[in-house]
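S.K.: Quick one, fold the following:
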Amino acid sequence: MKIRKLACAMGMASAVVFASGAYAQTPPPADFTQQISQASLPLGVDPNGFSGAGAAVLGQAVADSQYVLIGESHMSREIPAFTTQVCRLMAPSGLTAMAIETGPEAARAVGSVMRSADREARIADLMRQHPDALAFFNGRDEGQMAADCAAAAGANFELWGLDQEFLGAGGYLLAEMLKSNPGPVARAAIEAMAAQAQEATAAALESGSPGDLFLFAVTQDTLDQAGVAIARDGGERAQYLFGLLTESHAIYHASQSRAGDPNGRRARLMKRTLAAHLTENPKARVLMKFGAWHIYKSLNPLNQRDIGAYVAERADGEGVNALHIIVLGAKGTAGSYAGVGRAVTVQPFDITEDEDEGWGKDVLLMRPADYAPGDWTLIDLRKLRAGGVASAPTEWRNLALGYDIAILAPRLSATTVLGVIDEPKP
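M.R.: Numbers count the residues shown, from 1 in each chain. Reported below is the predicted structural model:
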């Protein structure tokens, strides 16, 4: 599975070091092909919900689970719509929160407006003031998904951001620190950094390069000196926000320099943040939506135990179920990060023309003729595991060990984002 589909919108966005290779595709043997066919079902996905034979399997699996995890290819219109229908399945029996691949403060900002009629205008304003301060949730379809899930789940539903803050969040975090009424020593340090962030943002908007943003441009010496001042009289809120800023800075710089373990550091941050939420909400029922590599219940293709592995183990320890679902597309258009404050770049893709693609191609080749053209394909990987996958092709074995259900959409289309400087004119 190519990085382009699994993290196409990230580019510098996640700023992590990705694996250099993809699985080699080998056709599955005939007996395993039969197993795949027997585990595959059609799934209708539309604004009214799920339908077809796959709907019953998916609905029961969701109903049985305390944690439902969706691993996706980013920046589509269709996967947020799919996720909304999962929200609606979960809501009647309780849905506490959606954990998402963005920072805690970014999630708080989105959560504060997700029930508002002017939600898109307010997110667009935030993006114009602090370009690239949000990962993914500056997308129209992600925002609509959050609003729809909140409406289904009720007034207590929350968004939990588990990731580092995004590339352009430096100025936003500093502005929030100033709002917290820090003491004079801390305020002076924060104001000095805020001025640097403003200059950095202007440079990044001009160049389009994330490397010009404050989180990349600020020196460690500046952060160290500011840390002393903020510890002195910044107060609890400013200290917390400064911690988010410095952790995000450290992850991005480790990735940029190829030093240390940025992927592992990022995964550990997400685990700690989720653990803190679950400590405060010990009976929480949670829906999670992240890039596909994060949600493997086993080692992922980076040989990391990421957030999906953590949830799988935690669920086992709690005696509850965690359901891991991967959702990718067969063809269509993919959106990718195009630079600071820019609209996404839209590119066509077709897995039948991609030599690195594996399981999705196999599913298409085995797609029964009686499926409706718009049907998605659901593969119950639990059935494959039950039949044994030791002799399966490498990609299928890793997929079945990493996920419980695989879903292939016939077509995906790229989302659009809010508050960009090159927004197309209507």
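S.K.: Quick one: neighbours of residue 78, just the number.
M.R.: Residue 78 sits with 20 neighbouring residues when counted by other C-beta atoms under 10 Å. No exception for glycine: its C-beta is placed from N, CA and C like everyone else's.
S.K.: can I assume it is in contact with residue 408?
M.R.: No: Residue 78 lies out of contact with residue 408 (C-beta atoms under 8 Å); the separation is 11.4 Å.
S.K.: Just want the most central residue of this structure.
M.R.: In the chain, the centroid-proximal residue (C-alpha atoms, centre = their mean) is residue 290; its distance is 3.0 Å.
S.K.: host element of that residue?
M.R.: strand 286-291 (DSSP states H and E).
S.K.: got it, and residue 70?
M.R.: Per DSSP H and E, the secondary structure element for residue 70 is strand 67-72.
S.K.: Same check on residue 31?
M.R.: Element membership for residue 31 (DSSP H and E) is helix 30-39.
S.K.: who's in contact with the strand holding residue 290?
M.R.: Outside strand 286-291, the residues that touch it by C-beta atoms under 8 Å, 6 or more residues apart in numbering are 6-7, 10, 14, 66-74, 83, 86-87, 90, 95-101, 149, 160, 278, 295, 307-308, 311.
S.K.: do stretch 301-310 as well
M.R.: 1, 18-19, 23, 69, 71, 162, 263-264, 267, 270-271, 274, 288, 290, 293-300, 324, 398, 402.
S.K.: got the buried residues for it?
M.R.: By neighbour count on 16 or more other C-beta atoms under 10 Å, the buried set for stretch 301-310 is 301, 302, 304, 305, 306, 307, 308, 309, 310.
S.K.: How far does it sit from its chain's centre?
M.R.: Distance of stretch 301-310 from the chain centroid (C-alpha atoms, centre = their mean, to the nearest Å) equals 14 Å.
S.K.: pLDDT averaged over it - what is it?
M.R.: On average, the pLDDT along stretch 301-310 is 95.
S.K.: how close does the closest residue to residue 36 other than its chain neighbours sit to residue 228?
M.R.: Once flanking residues are discounted, residue 36 sits nearest to residue 366: 6.2 Å by C-beta to C-beta, 6 or more residues apart in numbering. Distance, residue 366 to residue 228, by C-beta to C-beta, to the nearest Å: 62 Å.
S.K.: Which of those two has more residues huddled nearby?
M.R.: Shown here are residue 366 and residue 228; by other C-beta under 10 Å, residue 366 has more neighbours (15 against 11).
S.K.: Hmm, residue 34 and the more buried one touching each other?
M.R.: No: counting by C-beta under 8 Å, residue 366 does not reach residue 34; the two are 9.5 Å apart.
S.K.: Now do the shared contacts for the two.
M.R.: With C-beta under 8 Å, 6+ apart as the test, residue 366 and residue 34 reach no residue in common.
S.K.: Report how many residues lie close to the closest residue to residue 318 other than its chain neighbours.
M.R.: Spatial nearest neighbour of residue 318, excluding adjacent residues (C-beta to C-beta, 6+ apart): residue 66 at 7.2 Å. Residue 66 has 19 neighbouring residues, counting by other C-beta under 10 Å.
S.K.: Can you give me the buried ones in the helix or strand hosting residue 383?
M.R.: Residue 383 is located in helix 381-387, with elements delineated by DSSP H and E. Across helix 381-387, burial judged by 16+ other C-beta under 10 Å covers 381, 382, 384, 385.
S.K.: List the contacts of residue 32.
M.R.: Contacts of residue 32 (C-beta under 8 Å, 6+ apart): 391, 392, 393, 396.
S.K.: from the residues you listed, which has minimum pLDDT?
M.R.: residue 391 (84).
S.K.: What's the local residue count around it?
M.R.: Neighbours around residue 391, by other C-beta under 10 Å: 10.
S.K.: Name the SS class of it, please.
M.R.: coil (DSSP: H, G, I helix; E, B strand; the rest coil).
S.K.: what are the phi and psi angles of it?
M.R.: phi -100, psi 10 (degrees, to the nearest 10).
S.K.: Then the one 5 residues further on?
M.R.: For residue 396, the backbone dihedrals are phi -70, psi -40 (criterion: degrees, to the nearest 10).
S.K.: What's the separation between the nearest residue to it once chain neighbours are set aside and residue 408?
M.R.: Nearest residue to residue 396, sequence neighbours excluded (C-beta to C-beta, 6+ apart): residue 359, at 5.8 Å. Distance of residue 359 to residue 408, computed by C-beta to C-beta: 8 Å.
S.K.: Against residue 229, how distant is the residue with the largest distance to the centre of the chain?
M.R.: Each residue of the chain has a distance to the centre, and by C-alpha atoms, centre = their mean the biggest one is for residue 184: 38.0 Å. Distance, residue 184 to residue 229, using C-beta to C-beta: 10 Å.
S.K.: Sketch out the low-pLDDT regions of this protein for me.
M.R.: Counting by pLDDT under 70, the chain shows low-confidence ranges at 1-30, 356-357, 424-426.
S.K.: Try it again at 80.
M.R.: Under the criterion pLDDT under 80, the flagged ranges of the chain are 1-31, 354-357, 423-426.
S.K.: List the buried residues of the longest helix anywhere in the chain.
M.R.: Longest helix in the chain by number of residues, with DSSP state H as the criterion: helix 184-207. By 16+ other C-beta under 10 Å, the buried positions in helix 184-207 come out as 186-187, 189-190, 193-194, 196-197, 200-201, 203-205.
S.K.: Repeat that for stretch 409-425.
M.R.: Neighbour count says stretch 409-425 has 409, 410, 412, 413, 414, 415, 416, 417, 418, 419, 420 buried, by 16+ other C-beta under 10 Å.
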